[in-house]
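Undergrad: attaching a predicted model along with its sequence, questions to come.
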Amino acid sequence: MQMISKASLLGVLFIAGPAVHAAPDPLPRALQAAIDKAVAANPDVPGITLSYSAAGGRQQWSGSAGRTAIGGKDALQPDQPFRIASITKLFVAATILRLHEQHRLAVTDTIMAYISPETAGQLRRAGYDPAVIRIDQLLTHSSGMADHTTEPGFLAATLVAGGHHWTRAAQLDILARQKPLGAPGVAFHYSDSGYVVLGEIIERATGKPLAAAVREQLQFRKIGLASTWWEQAEPAPPGVKPRAHQYQGDLDVTELDASFDLYGGGGRVSPQGACRRMGHRRRCVACR
C-alpha cells in the first residue's frame with residue numbers, strides 16, 4: 001500500500017542511458033531548475049527529490065527542492081529518507097529470485113509447501129487454492145488474489161487516532177472477506193496481499209525475519225546500501241537524516257504505525273537515488 005495524494009512528498013528516479021560529455025554536464029542545472037519550478041507552482045507539495053545515473057554510473061546527480069514538511073522550515077535534502085512503500089516489492093521479488101537460485105524454492109512451485117497451515121486456511125476460506133497458486137504468479141500479480149488494502153474500512157482503521165497495529169494474519173483475514181478476482185495465471189490484478197504472502201514464504205524458506213532475510217540475501221553491506229532499513233524491524237542506520245514527511249490527503253501520516261504496510265508489500269525506508277559525489281556509485285552515510 002502506498003500513501004499518495006496531491007500533498008505527498010514526491011520522489012523520482014530517472015535513469016538515463018550511456019552518455020559521454022566532453023564539457024560540464026548541463027543536465028543537473030536544468031533538472032534542478034525544473035524541480036524548483038514544480039515546487040513553486042504546487043504549494044501543497046512539500047518537496048521533490050530527483051536522481052539520475054548515466055554512463056554506467058560514472059555520471060550521477062541527486063537534487064531536491066522544497067521542504068521536509070508542508071509549512072515546515074527545514075529544506076528537503078537529496079538524501080532525506082522516506083518510506084518507499086511499494087518499491088519495497090522489488091526487494092522482496094529479488095529475494096525470492098535469489099532463493100530460487102539457491103534451490104531453496106522454485107518460482108514455479110505452488111505456494112502450498114511454503115506457507116503456514118494457518119495462512120493456507122485463511123486463503124481457502126476466501127476461495128483461493130494454495131495448491132494451485134504458484135510463487136511466480138504472486139510475483140507478477142497474476143494469482144487472481146484480491147488486495148486487502150482495497151477492502152472498505154481498511155484505510156479508515158489504519159488512520160484512526162493513535163494508530164492501529166496490524167499483523168500479517170489480520171491483513172489476510174481482511175483478504176479472506178474478498179472473493180478471488182480470477183483463476184491463477186489468467187489476468188493481472190495488483191495485489192499487496194500477494195506480497196504479504198511472499199513475505200511469509202521468505203521467512204519460512206530462510207528461517208529468519210523478513211527484514212533480516214532480505215538484507216542478507218541481497219547483501220546490502222556488499223552493494224553499499226548503508227542508508228536503507230526496514231521500519232520497525234530494524235533501527236535506522238547511524239547518521240541518517242530525519243524522515244521526510246508524507247501525507248494522505250491533508251493528513252500527515254509520517255508517524256503512522258508502519259504495520260499497515262510492513263509485511264512484504266512495503267516497509268523499507270530509504271533516501272532517493274544516487275550519491276551526491278559524482279562518480280561515487282554507492283549511497284552512503286559518508287556523502288551527507
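TA: Received, thanks.

Undergrad: mind listing the strands for the protein?
TA: All strands of the chain, identified by DSSP state E, fall at 10-15, 47-54, 59-66, 82-83, 229-230, 247-248, 251-252, 268-270.

Undergrad: domain assignment for this protein?
TA: 10-80+271-287, 87-217 (automatic domain parsing).

Undergrad: out of the ones you listed, which is closest to Leu256?
TA: domain 87-217 (6.0 Å; CB to CB). Where you see a C-beta, it was placed from the backbone N, CA and C, and this is true even at glycine.

Undergrad: what's the first-to-last distance across the closest one?
TA: End-to-end distance for domain 87-217: 17 Å, by CA to CA, to the nearest Å.

Undergrad: rounded mean pLDDT for that domain, please.
TA: In this model, domain 87-217 has a mean pLDDT of 96.

Undergrad: which stretches in the stretch 1-150 of the chain count as helices?
TA: 27-41, 88-101, 117-125, 135-139 (DSSP state H, counting those that start in this stretch).

Undergrad: re earlier: closest to Leu155 out of the strands of the chain?
TA: Nearest of the strands of the chain (CB to CB): strand 247-248, 7.9 Å.

Undergrad: list the strands paired with the closest one, with their directions.
TA: Paired with strand 247-248 in the same sheet, following DSSP bridges, are strand 251-252 (antiparallel).

Undergrad: hmm, who's touching the strand it pairs with?
TA: Outside strand 251-252, the residues that touch it by CB atoms under 8 Å, 6 or more residues apart in numbering are 69-70, 159, 245-246.

Undergrad: please pick the buried ones from these.
TA: 69-70, 159, 245-246 (16 or more other CB atoms under 10 Å).

Undergrad: want to throw those residues into a markdown table with distance to Ala131?
TA: Output for the buried ones among the contacts of strand 251-252, formatted as a markdown table (distance: CB to CB, whole Å):
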| residue | distance to Ala131 |
| --- | --- |
| Ala69 | 48 |
| Ile70 | 49 |
| Leu159 | 37 |
| His245 | 45 |
| Gln246 | 39 |
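
Undergrad: quick revisit: and the helices of the stretch 1-150 of the chain, which is most packed in?
TA: Highest mean neighbour count among the helices of the stretch 1-150 of the chain (mean count of other CB atoms under 10 Å): helix 135-139, with a mean of 21.

Undergrad: once you drop chain neighbours, what's closest to Arg168?
TA: Excluding the flanking residues, the one nearest Arg168 by CB to CB, 6 or more residues apart in numbering is Tyr263, at 4.6 Å.
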